[in-house]
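A.B. asks: need a structure here:
(chains A and B)
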Protein chains: 2
Amino acid sequence: MRVADIIAQKRDGGKLAADQIRFLVDGYVQGRIPDYQISSFLMAVYFRSMDDEETVVLTRAIIDSGIIMDFSRLEGPIIDKHSTGGVGDKTSLVIAPLVASCGVFVPMISGRGLGHTGGTLDKLESIPGFNANLSLKEFKEIVRRVKSALIGQTGDLAPADKKLYALRDVTATVESVPLIVASIISKKVAEGIHGLVLDVKAGSGAFMKTWEHARVLAQALVRTARLLGKKVTALITSMEEPLGHAVGNAVEVAEAVDVLKGAGPEDLKELSFTLAAEMLLLAGKARNFDDARHVLEQRIADGGALRKFCEIIAAQGGDPRAIDDGPLWARASHRYEIKSPRKGFIQSIKAEPIGKAAMLLGAGRETVDSKIDHTAAVWVCKKSGEEIGGNEVYCALEFNDDRRLQEAIALVEGAVVIGEAPPEPTKLILERIVEC
Amino acid sequence: MRVADIIAQKRDGGKLAADQIRFLVDGYVQGRIPDYQISSFLMAVYFRSMDDEETVVLTRAIIDSGIIMDFSRLEGPIIDKHSTGGVGDKTSLVIAPLVASCGVFVPMISGRGLGHTGGTLDKLESIPGFNANLSLKEFKEIVRRVKSALIGQTGDLAPADKKLYALRDVTATVESVPLIVASIISKKVAEGIHGLVLDVKAGSGAFMKTWEHARVLAQALVRTARLLGKKVTALITSMEEPLGHAVGNAVEVAEAVDVLKGAGPEDLKELSFTLAAEMLLLAGKARNFDDARHVLEQRIADGGALRKFCEIIAAQGGDPRAIDDGPLWARASHRYEIKSPRKGFIQSIKAEPIGKAAMLLGAGRETVDSKIDHTAAVWVCKKSGEEIGGNEVYCALEFNDDRRLQEAIALVEGAVVIGEAPPEPTKLILERIVEC
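C.D. replies: So this is what the prediction gives:
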């Protein structure tokens, strides 16, 4: 088998056989096939795509490059949630304890933030003592005991994905549906889960800018996960504006805690409860969606979800008192408020510039080496559709380092549109995909 | 400037600016940009192509990676010929001395054979003592004194092309018109020529399998060479069957000598004279095509062309007596004749399997490291359209090593079609392209 022939076959629109795809992935991971042949192959895949069979083989080859978590001794359903990434998206922090408090195992392996999107792990590290870098053995033990744990990527699971993603990132081959699908699904299958709920974001603040593109991705994700024997549901959700009011790290954990306490912003509650309900359905813990919602609301009302969050924090070395006071509720040293020049209604709030502004203030990473300031934040005080008076604050920037403040202010000012009349209402949950 | 952004721009069908293309080529040659980004870029170019402006900039950047030959002290036109490669194509060996004998400088930098196509240098090295590895200084001196010399690629001219071609070869990105154009034209412009005649082969034995594809390439070559200030004419010529009777190395030089002596096969004479006439026209050495043909026939008749070949051979360290006897006229130790099973007419002779059979016998290179057997050859005794008796020889294989003889026989037998009636006559010179 010659690598150049396999590349040419894909380049010419041909379908690759399983042994050809495995030959490439195995050879790449083992260092027999050089980067420059794989990057040219990835670009050919960008243009020619892959069908479901090829995508499944690619995903399987990436899974087999590492170990698969063995949760076979757990008695009960094991379900995870994956989001394609957005601004102000702290749903994982609500969902993991909430769903675990309903008796479902939720082993969550999350990423770190880069660019305008935040990362669940960066947020969690706002909690004093919290350790997201557990070994798989420790992770497994906590999941068994507490039902949920949240850790970072590990080199043991799907190492081929890490190598491929690093190459894609510098060769303009990230935006390919089969490559995205293989990357996401391989890592989730390697977690040893039974089922997966996917939150595929669509909109200006998301990786997929349109509903149509998000649907193509969501359908491919669902088909591939199912072909690999997993129960799966995908929701396409709007990422036009940030989720909730808080965009940053400590402030996002605090907002998630608000939801676990029964308060919090409506959109965050709505999305968290919907995703959690889908997880309960996959887990067989509810007969229907309304039933699932009811169970979840009970766990909020009786404090079970919040207690579960404290258990998780404690199990991972953190201080559970953080949910009531301390760093999560502390503020950065400076605050800059952006006020409305006239009265009217918020028409729209673009997520990407808000996320980028938060990054410039220190809440995110411009490059993988950037250091996170856990208190830096952008507050979206008014959400779209809300009425606003003249000279009323609609966004606030909190920061310790003002070096890029002016850039951040300009981004936030440019992100918000104020008009005279109330805007058309928008939908948060756009579509549910279970069969395709 | 970020490399990944430039790749993405081309991937998305955008036009690249001159400084972006130069940034890539310069960075690659200087080792700042890694292979894996360039190979992904080349695959994007494969799919999105380049317009004339981009192709010219790419060609220019490749030229500027090395030196440009300075022939400014030569008084007279400097014209070269380039062929995209075929089977049995020894026209360079006829043309260089023939055109030089008409007072035109012909500095020829040629390649070596690979796969089913032979290389001019491999053929010339059948001449005892002939040295194709001259320094550019020696090359220049011989061109000045004798008017022509034939040498191999040198690292001094267009080194970026060598690096890019090696990468394209293993990443399935060879077959891209702008990349082919930049590769060919950069090397020719670096030779310091005034004009160029291109022999773009079309057919089953050529790189471009169809006339239409060959036309696209020929037009792009002509446009790019002209935009770089060169006089240029392209001929699209048929490479369905081997040129002449001899396919090998020594036998091809001998056949070229036959033409210089006024004999030789009709198709080889026709193509050599037509290409040479185009060179005389570009050189301003003839008023029109018929005039040019007449001058060339004179140089054959008066022995000037043959004497010029002897001068070139002597100048490059070879023994000019080779044109009359010695290794060029020697035969390999074994001969296998393939005979017609019945009488009829040769319908077609596929060039590629014939070339491949010659390679298997030792006349060519399966990989760049293969060693050439200069006497190994395939003789095409009957050309298409010729009548053949039952049990008459139509091809003969000459070899010293019979390890792959059976494969070679099967290829030759499969390459020749014999039918009852004379076939439709075919054209050798398909199209002439000067303006496009």
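
A.B. asks: which element is the residue nearest to A:Ile6 when sequence neighbours are not counted on?
C.D. replies: The shortest distance from A:Ile6 to any non-neighbouring residue, by C-beta to C-beta, 6 or more residues apart in numbering or on different chains, is to A:Gln20 (4.9 Å). To be clear about C-beta, it is placed using only N, CA and C from the backbone, and glycine gets the same treatment. Assignment of secondary structure by DSSP states H and E places A:Gln20 within helix A:18-29.

A.B. asks: Let me know the angle separating the next helix or strand after that helix from helix A:18-29.
C.D. replies: With elements assigned by DSSP H and E, the helix or strand that comes after helix A:18-29 is helix A:35-48. Counting by axes from the mean of the first three to the mean of the last three C-alpha atoms, to 10 degrees, helix A:35-48 lies at 140 degrees to helix A:18-29.

A.B. asks: Which strands and helices lie in contact with helix A:35-48?
C.D. replies: With contacts taken as 3 or more C-beta pairs under 8 Å, 6 or more residues apart in numbering or on different chains; DSSP states H and E, helix A:35-48 sits against helix A:3-11, helix A:18-29, helix A:159-170, helix A:177-190, helix B:35-48, helix B:159-170.

A.B. asks: mind checking which of those helices is nearest B:Leu360?
C.D. replies: B:Leu360 lies closest to helix A:3-11 among the helices and strands packed on helix A:35-48, at 19.8 Å (C-beta to C-beta).

A.B. asks: what does that closest one contact?
C.D. replies: Outside helix A:3-11, the residues within contact range by C-beta atoms under 8 Å, 6 or more residues apart in numbering or on different chains are A:16, A:20, A:23-24, A:27, A:33, A:37, A:40-41, A:44-45, A:47-48, B:43, B:46, B:169-172.

A.B. asks: If we use 10 Å, what do you get?
C.D. replies: A:2, A:14-17, A:19-21, A:23-24, A:27-28, A:32-34, A:37-38, A:40-45, A:47-50, A:54, B:39, B:43, B:46-47, B:168-175 (C-beta atoms under 10 Å, 6 or more residues apart in numbering or on different chains).

A.B. asks: Do a quick rundown of the strands in chain A.
C.D. replies: In chain A, the segments counted as strands under DSSP state E are A:79-83, A:106-110, A:148-152, A:195-202, A:231-238, A:246-248, A:334-339, A:344-349, A:377-380, A:387-388, A:393-399, A:416-419, A:429-433.

A.B. asks: and the second one, which strands flank it?
C.D. replies: Strand A:106-110 has the following sheet partners, assigned by DSSP bridges: strand A:148-152 (parallel).

A.B. asks: Any idea how many residues pack against the residue in the stretch 301-436 of chain A that chain B sits nearest to?
C.D. replies: Closest contact between the stretch 301-436 of chain A and chain B, by C-beta to the nearest C-beta, is at A:Thr367 (11.8 Å). A count of nearby residues for A:Thr367, using other C-beta atoms under 10 Å in any protein chain shown, gives 7.

A.B. asks: Kindly confirm whether my reading is correct that it touches A:Gly113.
C.D. replies: No. Taking contacts as C-beta atoms under 10 Å, A:Thr367 lies outside contact range of A:Gly113: 11.6 Å.

A.B. asks: State the phi and psi torsions of A:Asn288.
C.D. replies: Backbone torsions of A:Asn288, given as degrees, to the nearest 10, read phi -150, psi 180.

A.B. asks: re earlier: residues contacting the residue of the stretch 301-436 of chain A closest to chain B?
C.D. replies: By C-beta under 10 Å, 6+ apart, the contact list for A:Thr367 reads A:114-115.
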